[in-house]
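*Asks:* give me a model of this one.
(one chain, ligands or ions: 2)
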Amino acid sequence: MNQVTKQTTVPKSPTDNTVIQAINASREYELEGETIHAIRSVNLDIRKGKFITLVGRSGSGKTTLLNMLAGLDHPTSGKVLFEGVDLSDYNEKQFIQLRRHRIGVVFQSFALLPLLSAYENVELPMRIAGVGAKERSYRTNEVLDMVGLARRAKHRPYELSGGEQQRISIARAVAMRPDVILADEPTGELDSVNASEIFGLFRHMVSEEGMSVVATTHDRALIDMSDQIYTVHNGMLELNESSVNDYDNSQFKKPATVTGSK
Ligand code: ADP
Ligand code: MG
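*Replies:* Ligands and ions are numbered 1, 2, ... in the order given. Next up is the predicted model:
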């Protein structure tokens, strides 16, 4: 079996196109006898092929929410479902499958391994998942090309600009064809030109590859590229109705399920 195709360990919901759903999700932290309400009863649907931005000031709760959507943290009340299954019910094996095959994450600080080349960084998750050499090489080149960095394949992270490093980390996140990319302040360390390139890349992946993207930012200049914009304020979520974009996804192409062997 081709290993970049979806695994069946995590059941697929047959009913609709909601991938991740937060239902009355709250997250409280206890700190020195004080309760911090980081996220307050949030409801959010992440649908297939949508680009969602969460915009909000530092401390508003963006990272807390994103971590719960990724299953890295669990709500103290309410729940987060991945294709209808409560993420807090996942066992370790299912969680590993989820993180390898279904959800890709991108961090503000890129999190590339410094001793590996751009190519090797992108290839690593496929190595870990046991994807065969031929297909691994095909897909690595394909995603490096997608982010416009095929020519930088041999460079180490320190030989790349911040914008290029983030593009490499996006290539790494999409290599396994996840359903959803969760990106926490992916442009936080970039200038405005590079930042808008990164959001353009997300737009491309949503429209052309059919992935869903949820990206947090505090930069309002970037949000116009997304389909849905939510403001996070004091742990609460508010949909900016007036700025919901209706992107024409008629060009929408389903990603090929098999690379290299079609
Ligand atoms: P943002 O990503 O929007 O900057 P966060 O989700 O990091 O916001 O934080 C939301 C709130 O929760 C803040 O008040 C923050 O101080 C608090 N918080 C986050 N993580 C913890 C933690 N591990 N322990 C206690 N409080 C936390
Ligand atoms: Mg944050």
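*Asks:* mean confidence for the helix or strand where Lys93 lies?
*Replies:* Taking DSSP states H and E as the definition, one finds Lys93 inside helix 92-97. If you average the pLDDT over helix 92-97, you get 94.
*Asks:* which element is encountered next along the chain beyond that helix?
*Replies:* strand 103-107.
*Asks:* gap between that next one and the chain center?
*Replies:* Relative to its parent chain, strand 103-107 has a centroid offset of 4 Å by CA atoms, centre = their mean, to the nearest Å.
*Asks:* likewise for stretch 48-59?
*Replies:* 11 Å.
*Asks:* how long is that stretch end to end?
*Replies:* 28 Å (CA to CA, to the nearest Å).
*Asks:* just the mean pLDDT for that stretch, thanks.
*Replies:* On average, stretch 48-59 scores 94.
*Asks:* indicate whether it makes contact with ligand 2.
*Replies:* No - judged by CB under 5 Å from the ion, stretch 48-59 and ligand 2 are separated, with a smallest distance of 6.8 Å. Glycine gets a C-beta too; all of them are placed from N, C-alpha and C.
*Asks:* check which residues of that stretch are buried.
*Replies:* Gly49, Lys50, Phe51, Ile52, Thr53, Leu54, Val55, Gly56 (16 or more other CB atoms under 10 Å).
*Asks:* and those, which is closest to Thr18?
*Replies:* Lys50 (9.9 Å; CB to CB).
*Asks:* and the spatially closest residue to the closest one that is not a sequence neighbour, how far from ligand 1?
*Replies:* Leaving out its chain neighbours, the residue that sits closest to Lys50 by CB to CB, 6 or more residues apart in numbering is Asp227, at 4.8 Å. Per CB to the nearest ligand atom, to the nearest Å, Asp227 is found 21 Å from ligand 1.
*Asks:* ok, now Leu190?
*Replies:* Leu190 is 17 Å from ligand 1, by CB to the nearest ligand atom.
*Asks:* over to Ser196?
*Replies:* Following CB to the nearest ligand atom, the distance that separates Ser196 from ligand 1 is 21 Å.
*Asks:* that residue: how many residues sit nearby?
*Replies:* The number of residues packed near Ser196 is 17, by other CB atoms under 10 Å.
*Asks:* which ones are touching the closest residue to it other than its chain neighbours?
*Replies:* Nearest residue to Ser196, sequence neighbours excluded (CB to CB, 6+ apart): Leu222, at 6.3 Å. Residues near Leu222 by CB atoms under 8 Å, 6 or more residues apart in numbering: Thr53, Thr187, Ala195, Ser196, Phe199.
*Asks:* which of the buried residues of stretch 48-59 come close to ligand 1?
*Replies:* Gly56 (CB under 6 Å from any ligand atom).
*Asks:* from the buried residues of stretch 48-59, pick the one nearest Leu116.
*Replies:* Phe51 (29.1 Å).
*Asks:* so the closest one touches Ile229, yeah?
*Replies:* No - if you go by CB atoms under 8 Å, Phe51 and Ile229 don't touch, sitting 9.7 Å apart.
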